[in-house]
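Undergrad: got a sequence here, can you build the structure:
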Amino acid sequence: MTGTPPTKSPPAESPPAEFLPGGDSRPLTLDAVRDDCRRRLADGATRPRAPFRLAILATDGGPAAARMVVLRQATFTPPTLAFHTDRRSPKCIALATDPDIALVFHDPGACIQLRVAARTTLHCDDAAAEAAWRGTPPASRLPYLAEAPPGTPVDGPTGGLPDGLAGRPPEETLVGAGRKNFALVVCAIRAFDWLRLAPDGHPAGHRRAAFDWNGSRFTGRWLTP
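TA: Sure thing, here's the model as predicted:
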């Protein structure tokens, strides 16, 4: 007696291919994510309107605090980022107490968050600070002419500049006096954490990866979001 042949189950469908966010055609791999983070940071350091131009700097040298900084440099051999600040600011006191920081970048268009863990070095009176100062346009040097340190209480809204300077076009001969208050903060990257937030209702969900610097290269791994 011949029985009915068993019904074969259809082959399991492979999950759809995933790609980097933002319309990128590269497959979503750890190497692609690492390279995309490097590209975004380099773009932020050179293009004023880039999504990664601004970052939230979090410190813990004293009361925990977070504030916005402008990304000024990004290099990857070894991996370092840099920003400028007033050497009289509370953040410099915090960095002198505890040089370990976190920087948080966000690209709302691509739904990407990047958290960078780094150790900072403060440069004030050395060649690195001088080179950074010389590479800063006069308009960006102007705030360093403020007479009082950042965070000083005042009676009303003010930019803190000496009388007669507010509203004047920045000139090299005028802003040079702010050099004594300028500092370059170099951040040696130790690790970074990448998060891609999926749009509401997206079936794939969020994606997350972490990378650690081992002294010669980044090693990556996938994480649950």
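Undergrad: can you list contacts of the helix or strand containing Trp133?
TA: In this assignment (DSSP states H and E), Trp133 forms part of helix 127-134. For helix 127-134, the surrounding residues in contact (C-beta atoms under 8 Å, 6 or more residues apart in numbering) are Arg72, Gln73, Ala82, His84, His123, Arg141, Arg179, Phe182, Ala183, Leu184, Val186. (C-beta placed from N, C-alpha, C; glycine too.)
Undergrad: lowest pLDDT pick from these?
TA: Of all the contacts of helix 127-134, Arg141 carries the smallest pLDDT score, 90.
Undergrad: which elements pack onto the helix or strand containing that residue?
TA: Using DSSP H and E, Arg141 maps to helix 138-141. Using 3 or more C-beta pairs under 8 Å, 6 or more residues apart in numbering; DSSP states H and E as the contact test, the elements touching helix 138-141 are helix 172-175.
Undergrad: could you rerun that using 10 Å?
TA: Contact partners of helix 138-141 among helices and strands, from 3 or more C-beta pairs under 10 Å, 6 or more residues apart in numbering; DSSP states H and E: helix 127-134, helix 172-175.
Undergrad: in the lengthiest helix in the chain, what counts as buried?
TA: Scanning the chain for the longest helix, with DSSP state H as the assignment, gives helix 30-46. Within helix 30-46, the residues that qualify as buried are Leu30, Val33, Arg34, Asp36, Cys37, Arg38, Arg40, Leu41, Ala42, Asp43, Gly44, Ala45, counting by 16 or more other C-beta atoms under 10 Å.
Undergrad: again, but for stretch 149-162
TA: Buried residues in stretch 149-162, counted by 16+ other C-beta under 10 Å: Pro150, Gly160, Leu161.
Undergrad: if we can go back for a sec, okay, the contacts of helix 127-134 in JSON lines with distance to Arg134 and neighbour count next?
TA: Output for these, formatted as JSON lines (distance: C-beta to C-beta, whole Å; neighbours: other C-beta atoms under 10 Å):
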{"residue": "Arg72", "distance to Arg134": "13", "neighbour count": "20"}
{"residue": "Gln73", "distance to Arg134": "14", "neighbour count": "18"}
{"residue": "Ala82", "distance to Arg134": "14", "neighbour count": "20"}
{"residue": "His84", "distance to Arg134": "12", "neighbour count": "21"}
{"residue": "His123", "distance to Arg134": "13", "neighbour count": "20"}
{"residue": "Arg141", "distance to Arg134": "10", "neighbour count": "22"}
{"residue": "Arg179", "distance to Arg134": "10", "neighbour count": "17"}
{"residue": "Phe182", "distance to Arg134": "11", "neighbour count": "22"}
{"residue": "Ala183", "distance to Arg134": "14", "neighbour count": "22"}
{"residue": "Leu184", "distance to Arg134": "11", "neighbour count": "24"}
{"residue": "Val186", "distance to Arg134": "16", "neighbour count": "20"}
